Structures are given as structure tokens and as C-alpha cells.
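**Student:** Take this sequence and fold it.
(chains A, B and C)
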Amino acid sequence: MYWQRIKSSAAYYSFTHNRVAMVSALVVFIICALSALAPIIAPYDPWDLTQFDIMDSEIPPIGAEQADERFMLGTDAMGRDMLSTILYGTGISILIGVFATLLQAFIGITVGLFAGYFGGRLDSFLMRVADVQLSFTTLMVAIVILAVFQATVGLDFYEDYAILVIVLVIGVAEWPQYARTVRACVLAEKEKEYVDAARVIGLKPLQIIYRHILPNTFSPLLVISTVQVANAIITEAALSFLGLGMPVTKPSLGSLIRNGFEFIFSGSWWITAFPSLILIILILSLNLLGDWLRDLLNPKMYSND
Amino acid sequence: MALLEVKNLDVIFKLRTGDVKAIDNVSFTLEKGERLGIVGESGAGKSVTAFAILNLISKPGKITNGQVLFEGRDLASLDDEQIRDIRGNQISMIFQDPMMTLNPVLTIGNQMVECLQAHRNISKEKAKEIAIEKLKAVQIPSAETRLDQYPHELSGGMRQRVVIAIALLSDPAIIIADEPTTALDVTIQAEILELLLNLCKEFHVGLILITHDLGVVSQVTEKIMVMYAGAVIEQGPTEQIIHQPIHPYTQGLINALPQQTIPGQRLNQIKGVMPSLQDIPQGCAFHPRCEYRQEVCSQQRPTLTQYAERLSACHFSQQFLDK
Amino acid sequence: MNQTDNNLVAIENLFKEFVISGSFLDEITFEKGKLIRKRETVKAVNGVNMNIAQGEALCVVGESGCGKTTIGRLVMGLLQPTRGSIHYAGQRIDDLSRDQLIPYRRKMQMIFQNPYASLNPRKTVNYTLSEPVAYHFPELNKSERAEKVAEVMESVGISPKWGDRFPHEFSGGQRQRISIARALTVDPEFIVADEPISALDVSIQAQVLNLLMDAQEQRKLTYLFITHDLSVVEHFGTRVAVMYLGTLCEFGETKKVFSQPKHPYTKALLSAIPKIRTTESKHIKLNGEVPTPINLPSGCVFHGRCPHATDICKQQIPELDSSDSTHRVACHAIAEGRI
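**Tutor:** Got it, this is the predicted structure:
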């Protein structure tokens, strides 16, 4: 029944007739699946210091001279297996991207709904707060907070809670994107007669906002969410590259790139190259998927229904 | 030879759910200075017919069959360059929403001059002169000053007058008006209709008026073509069709008007809804809603048949005519 | 006002202005070296008195911008009046809070113009129809609620089997039926219908009008029917109120207003209906256009377009005359016996 409905929907048709969308969805799915299965499929545990040996350091990937068949993508300076490290690292990057976006969405949607529905002074106030927040770039906010945090609590403590802190920082820094989108949407939906009908029934404002208006803002939210996940992953990578993100002991893609950057001129290109490649492919696929969604949900194309 | 002759026109839209025949075997003629009304509900194919005449059907739609002969030339086979010479020049179009035609960031004068210079090689001064003359023809007060105004400075009725003036600029042979008064108030509607009627008579322009309002067509046109589910179901002189329709759908449309019933009583409604073009029923497309339907109606599709001066696609038209 | 004993709704001296000059900062301008606060308002409704009797269908008719929709929304409490009062069954309702209004929500319902916007596109028909029932009849259990919804759906000609469908799966006429069903689920006694058929196809308009008339008969409903279509008014309305620029110009029994229109505007309006089967068009032309409701004309709002206007019309606002309570008109020319 539900499968039938999906199959006959415009989204399914558009998806199956759009190679770019299908390939990017497949790539995103494969990358997510592999990193989720990392503990099972990875040959080593890169977080376990006992599993690697400094003697194995900087072994090139298979195909190069002096390659070791134990390490398909070679090893880094500490002798960690690159394949396992990348699998785990991708997982961390995606995890941070998704949770930071969820946090942004939660704050942004709440603010946007209230500002848009009630309007007036509340709207002006909330939107000015959003403007102020936007006038600081995400990276600037993150650098300041993370640097202060690391300095005050110490690096050991920081390593334990790094993921949580980064999620918080990126989440708080980018909520205005959501707030603006939702507010614009609410302003448009609020004028529609079904909202008046709900008011005529006597529903409370909160019931109208959550039951009637919120579900109608999902389409644009879906579009910006894909882009925001990609953005959050990039932000995290940038922070890690600057040494403010994930620690080397639990590296994300960004920390891996930074980690290998020192050795790029000594010939050990693979330590940086492979994580970079994965990062680029992941971000590109997410953005292509977002483009497709935007085209699909474009209200102008909708009207033919 | 008729000024415009549409012959067996088919338009098909290729949608993901399959091919849809938006208009099916539509034929009609328009003589010089004649006024034709195309009547039907939304989705009946009225507007598609108008667009097909001007070869404006765009993807996923396509004219798959038939001819549109304008002064003997088949418009359906012309290329973009050639059709542009006819469109807006010899055949003009007026839309429901004047803002669809008017550019909000250009003054009325600029738009009219531009329009004239696109089709004719004349000076700006001469073009302005013609523009003022046409604005006067549509009874716009103080036409000279209007040239410097922007569309948003005019009221809805005035805008529609400007659109009509633009349509008249190149002294067209035919004006196609797609629901020209639907967005307007009753009093303004009455004025615009009267204006259109007088202009057509005065300049001997052919008019194709597309509308859902039988009251409007009956006041302006000489001929009516009623469409249902993409096909013509009745066609003939306005007088005859309004007074004695011989297709049950036309009868239903007329009888459903509140004017046709004693105040306070139930209206004579047609039951059901027009089928979507994707699942037009077997036999007569109207039979599931028809109160006179017989066995034959669900099996055999009635052809458009001549009854004296008019055409009707119903198995029982002769009986309605004899009544 | 007479007929007070069976008045369901009474509207007294109602005004509504919309501020269009924006927020406080937008209103401040600098003129001739002085800081001035300029406030621009649209005067949508200007001193309307109207009463709706129990069981009648009162039609409010006028052209776009005449304030007819605003009146409907004011009565429903979707807007707050600037001045004046609205009474429902003797109780003043225009100054009640949302919570205090809840008992009235069950008695007063509304049907909207655009069937494509009045149903939430993300909710099934069942959800849309059972929400008001669950809200106003919390004592009903799930199956009783479903039964009530099914019963209402049946009565508007929508098969209860279609309850799981979404609005986009229905045609415009069917959606309008669902919208009517939503208003009927709470068993109201009074319904404001704001142009309920103007967005529908001709053959569907008759169906929906019949449905509204049947509902009125079966449920003893009172209607405030807002429309621009005079032929519908003649058919549907017990009484008719003709509005122009936010004021009432003629108010009376439909039969009287249609057979002997008095006000010059009503006459022009009636003559403009495109009638079939009458080839001759004798419509009365009005001069000029409707003035903007931002700067209302002084005196009678219609004087600029009226063929009978004199000095008094430019200076003094005419009142609805009360000599014949079944057919009242606000016009100096008529009061003075000039027409």
C-alpha cells in the first residue's frame, strides 16, 4: 500500500529519471553504511593504541613499492591502518554533521515558527538576534569558543567530550538559516485559509503552529537540511584542520587531513589524499542531492499536479 | 475562404503517467469580423485550443494532428521566426490577468512603442501617435499622460483596457481573448465587454472569446462552441444554442444558472464532475453525468453531426431538436 | 432596530481600519524641518449596522474592496473591530478572548472561498474532519467520533471510504464539500460563507449551492453569505445588503431590492449582470472608478460616481432610512425625493 503510493509519486519518478540524483544518493548511502559498519568491517581498531605499531609507520598503499598487504591504503605516521582510520573518521564526521544539523534545526525551527506566527515585536526581536548571530561567521564563533574551552578544561578532558562540544558549537552558530527559512514559510502559510479554519475551530495557537503549519514547512526544510549537513561536515573539517576539532586519537576526516599534511612533502601523500578524496565525494554528493531536492520541491514545478 | 480555419486539431501532452489528449479533433472556422465564443469548464481544452492556434503549445504538449489555416497558411507548420510575424501582429491575444501581458517595470508608453517597433519599421514619434490613438479607441481618459504611467498605477479595469489597446496596435485580423473579464468586477466587466464588442464591430476584427460564463458569450458572440473533456460537443449560432441547446451538457450548463430557476428553489444541477482527461469514459464522454443516457451512450462515441445550422455530438440531438 | 427578538447576530456601528504604513519607525517622516508621524490606514468597514435574523440567509454583496469579506471575518472573530460591536444571541462577542470564544466556535462556523487553500494539504480528510469533533465533543469516544464524521461526509456527498485521502486527490468541488463538512461537524447554528462558489466551475457551482440550501433546511442554519455574484444572491438570499467602499448603501428583502432597486449603485450593479437570453444590454455606466479606501471621499462615498450627486452628497454621510424596515437605503437623493 505505502510502497504503491511511493512508486506512483512524483518524487519517485523524478528520482528514477535523474542519474545524478540516483548516483549521489547511492554514494551517500554507501559511505554512510561503510562508516556505520566500521567496527565490523575495519581490519583494525584505530582508537586502540595496542593495535598499532610505530614500526609500521608510513607504509604506502597497495600498488606502490614497499607496500604491505596488511594495509590496503597504507599507514600513517603512527603506524595506524589508513583504511580503518578513514572508516572510523568518516563516521565521526557524519555523526557531527547530522547532530549539529539536528540541533540547528531544533533551535531554528522553534524560533522561526514563533517569530513568523506571532509577528510584531517578538518577530523583530528574534530576527535581530538571528542577524547578530549571522554577522559572526561560524568559523569565528567556533574558533573562539573551542580555543577558550580547550584552554580552560585541558586537553585530556576535551578529548573525551570533543564530539559533543563541536556539535554544540556548530549547531548554535548556524541556526539562523533554519529560522529564516521557517519564518518565511510560516508567513506564507499563515495567510492560507486552512489556518483561518483552524482558528475558527478554536484551536490554541500552539496547536495550530505544530499540527497545521509545521508540517507544511517540511519541503524547504528538507532541502536546506541536506546542504546544512554538508556545511556542518565541512565546518568540522576546517576546525579539525586548524587543530581545534577532533583530537588525533579519535580523528575525523578533517583531523586526518591535517595529520597527513605534515608528511605530504616527505612523499607520504596517501595520508592526506585518501581522507580528502572521501570528504570531497561525500560533500559533492550531498550537495547534488540537495540540488535535486530543490528542483523537485520547487513550487513552480508543483503546480502542474 | 475563411479567415481562420482550424481542421481536426489534436494536441497531446506527454506526461509521466501517460499520454493525455488535451484536445481531440477540434474543427471550426472564423470569418472576417466574426465573433466566436468557446465555452467550457476548466480542463475542457478551451485555453489549449487558443494556444494551439498561435502555435504556443510548449513541451510536454504537441500538436499531433490537424491544421490551423490562417489566410490559407498553416500556422502549425511555421517555424518560430515566421509565426512570430503573425503572433501579436495579425492575431493578438488578451489574457485573464493583465499583469501577464504588461511588464511591471516599463511604462505603458514604452511597452506600446516597443511592441509597434517590433513588427513595423516606424519612428518613435509615429509609434507614440499610434499608441495614443489606440488608447483613445479603448476609451482611456487623458491618453497622453497615461503613456508615462506604470501598470501598477492603473486600476484593474484600466489595465485590461491597456492590454486591449496593445492588442489593437497592429490592427490585427483576429483577437483571442482568454477569460478577459474573469478577474474583474461586474460593473467593470460589463464595460469591458461592451468595449470589446464595439471595437470588433468598428474595426471589423474577428474575436475568439474564451470563457466559462454563458452570460458573457451570449452578449458578445455570434457563434458558440461548447467543449467538454477536450472535444467539441456542440457548435452553432449563439441565438440557437442559448435558446434551444440540443446537447444535454449545454442544456445542463444553461439550466444550472441561478437565473433559470425560481428564487429559493433547488437549482438544476448536473451531477458528478467532468472526468480527468486521463480517464475519459468509453462511449460518450458525458454519459455518466447525463440524465438521458441509454445503452448506446456507454458503447458508442457520438460523432459531431450537422443539424441544420449547427453541430452536436449526441445520439439524441435530433429528438431534442424536434421537441 | 426592530426584529430584535429573533436576531441571531447584530452588528452595530462597526468600523475596521488596517494600518498599512508599517511599524513605528516606518511611520516617522521628515517634513518641512519637522519630525512627523504619519499613519496610513485602509478604511475597510465604515460604520456598518446590520442584523441577521434567525434562520435567514443574509447576502452581503459588493465589488472587490467593498469590505464584505472583512465583515465576515470580523463576525467570526478572525479580526478585531476598530470600533463598534458584534452581538451573538444577545451576547457581545467582539471583545471576548480566545478561550471565552470557544463555546461560540461550536455555534458559528465558516466556509472559505478557495477550496485549494482552505484544506491543510498535509492532512487526510479524516483528520481534517475529526479534529473539530474531538475538540468540541471530548466526551465522544473514537468510534462515536468516526461515526459522526462519516455521517457528515455522507450528507455532503463525499463517500466516507475516501477518508484516508489527501486534499490533492479531490477536485475543487469535492474539496469545497469537504470544507463544508468541516463546518458542519460541530453542528453549528450560524455559518459565514465567504464566496464559497466563486472558485468553482459552473456545473459545480449549482451542486454546491444546492448542498448549502439542503443543509440550511435540514439543520435550520442561518447564513451570512458573502458574494460578488448577484444572480446567486437573488436565488439564495432572504435579504441582501449591498456594500460600497465599506458602507451599506441598500439593505432589504431580496425580492424588493431586485425588483425595485433604489440606490443608484444597486441599480448600476444589477444592470451589469450578464444575462443570457436577453440580447439587449442596457447597463448603466458609472463615471470613473472606485476611489481608494485609504482616503475616503467625504459625505456619501458614492458621490464621485453618482449621476444624481449634489452638494449635500459631498458633505454629509447619508444614513439608512428607516421608513420601510424591509427595504432600507442610504441616499440623500432618495430622501429628498429627487429620484
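
**Student:** use CA for all of it now, contacts and neighbours both
**Tutor:** Noted.

**Student:** Give me the neighbour count for residue B:51.
**Tutor:** 16 (other Cα atoms under 10 Å in any protein chain shown).

**Student:** do residue B:244 as well
**Tutor:** Neighbourhood size, residue B:244 [other Cα under 10 Å]: 15.

**Student:** The longest helix seen in chain A and chain C, any residue contact?
**Tutor:** With secondary structure taken from DSSP state H, chain A has its longest helix at helix A:82-118. No. Using Cα under 8 Å from any Cα of the partner chain, helix A:82-118 stays clear of chain C, with a minimum separation of 14.2 Å.

**Student:** And that helix, what does it pack against?
**Tutor:** With contacts defined as 3 or more Cα pairs under 8 Å, 6 or more residues apart in numbering or on different chains; DSSP states H and E, helix A:82-118 has these neighbours: helix A:19-36, helix A:38-41, helix A:120-135, helix A:155-173, helix A:175-190, helix A:218-241, helix A:253-261, helix A:270-297.

**Student:** Return the most buried member of those helices.
**Tutor:** helix A:253-261 (a mean of 25; mean count of other Cα atoms under 10 Å in any protein chain shown).

**Student:** what's around residue A:101, how many residues?
**Tutor:** 30.

**Student:** Relative to residue B:251, how far out is it?
**Tutor:** Applying Cα to Cα, to the nearest Å, the value for residue A:101 to residue B:251 is 61 Å.

**Student:** In chain B, mark out all the strands, start to finish.
**Tutor:** B:4-15, B:18-30, B:35-39, B:61-70, B:73-74, B:91-94, B:174-178, B:206-211, B:223-228, B:231-237, B:305-307, B:310-312 (DSSP state E).

**Student:** Can you name the residues that contact whatever residue of chain A ends up closest to chain B?
**Tutor:** Closest contact between chain A and chain B, by Cα to the nearest Cα, is at residue A:13 (7.7 Å). Shown in contact with residue A:13 (Cα atoms under 8 Å, 6 or more residues apart in numbering or on different chains): A:7, B:16.

**Student:** still on that earlier bit, okay, the helices and strands packed on helix A:82-118 in JSON lines with distance to chain B next?
**Tutor:** Listed next are those as JSON lines, based on distance: least, Cα to the nearest Cα, whole Å:
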{"stretch": "helix A:19-36", "distance to chain B": "17"}
{"stretch": "helix A:38-41", "distance to chain B": "41"}
{"stretch": "helix A:120-135", "distance to chain B": "28"}
{"stretch": "helix A:155-173", "distance to chain B": "39"}
{"stretch": "helix A:175-190", "distance to chain B": "21"}
{"stretch": "helix A:218-241", "distance to chain B": "22"}
{"stretch": "helix A:253-261", "distance to chain B": "42"}
{"stretch": "helix A:270-297", "distance to chain B": "14"}
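
**Student:** Format those as a markdown table; extra columns: mean pLDDT and distance to residue B:37.
**Tutor:** Below are the helices and strands packed on helix A:82-118 laid out as a markdown table (pLDDT from 0 to 100; distance: least, Cα to Cα, whole Å):
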| stretch | mean pLDDT | distance to residue B:37 |
| --- | --- | --- |
| helix A:19-36 | 93 | 47 |
| helix A:38-41 | 87 | 71 |
| helix A:120-135 | 90 | 50 |
| helix A:155-173 | 86 | 61 |
| helix A:175-190 | 93 | 38 |
| helix A:218-241 | 91 | 42 |
| helix A:253-261 | 86 | 69 |
| helix A:270-297 | 90 | 38 |
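
**Student:** and these as JSON lines, adding distance to residue B:158?
**Tutor:** Below are those laid out as JSON lines (distance: least, Cα to Cα, whole Å):
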{"stretch": "helix A:19-36", "distance to residue B:158": "48"}
{"stretch": "helix A:38-41", "distance to residue B:158": "70"}
{"stretch": "helix A:120-135", "distance to residue B:158": "36"}
{"stretch": "helix A:155-173", "distance to residue B:158": "51"}
{"stretch": "helix A:175-190", "distance to residue B:158": "29"}
{"stretch": "helix A:218-241", "distance to residue B:158": "38"}
{"stretch": "helix A:253-261", "distance to residue B:158": "63"}
{"stretch": "helix A:270-297", "distance to residue B:158": "37"}
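
**Student:** Determine which of the ones you listed approaches residue B:162 most closely.
**Tutor:** In terms of Cα to Cα, the element of those nearest to residue B:162 is helix A:175-190, at 31.4 Å.

**Student:** Now tell me what touches the closest one from outside.
**Tutor:** Helix A:175-190 is contacted from outside by A:103-105, A:107-113, A:115-117, A:127, A:130-131, A:133-134, A:195, A:213-214, A:216-217, A:220-221, A:224, using Cα under 8 Å, 6+ apart.

**Student:** And the longest helix of chain A, what's buried?
**Tutor:** For helix A:82-118, the neighbour count (16 or more other Cα atoms under 10 Å in any protein chain shown) marks A:82-117 as buried.

**Student:** and if you look at stretch A:135-151?
**Tutor:** A:138-139, A:142-143, A:145-146, A:150.

**Student:** what separates the closest residue in space to residue A:82 that isn't next to it in sequence from residue B:45, distance-wise?
**Tutor:** Distances taken as Cα to Cα, 6 or more residues apart in numbering or on different chains put residue A:75 closest to residue A:82, at 5.0 Å, once the chain neighbours are dropped. Going from residue A:75 to residue B:45 by Cα to Cα gives 69 Å.

**Student:** chain center to stretch B:282-301: distance?
**Tutor:** In this view, stretch B:282-301 has its centroid 27 Å away from the chain centroid, taken as Cα atoms, centre = their mean, to the nearest Å.

**Student:** Check whether it comes near chain C.
**Tutor:** No. Judged by Cα under 8 Å from any Cα, stretch B:282-301 makes no contact with chain C; its nearest approach is 10.9 Å.

**Student:** tell me the SS of the closest residue to residue C:109 other than its chain neighbours?
**Tutor:** Closest residue to residue C:109 apart from its sequence neighbours, by Cα to Cα, 6+ apart: residue C:191 at 4.8 Å. For residue C:191, the reduced secondary structure class is strand; criterion used: DSSP: H, G, I helix; E, B strand; the rest coil.

**Student:** Can you tell me the number of residues neighbouring residue C:191?
**Tutor:** 23.

**Student:** go on, residue B:59?
**Tutor:** There are 10 residues near residue B:59, going by other Cα under 10 Å.

**Student:** do residue B:301 as well
**Tutor:** Quick note: residue B:301 (other Cα under 10 Å) scores 18 neighbours.
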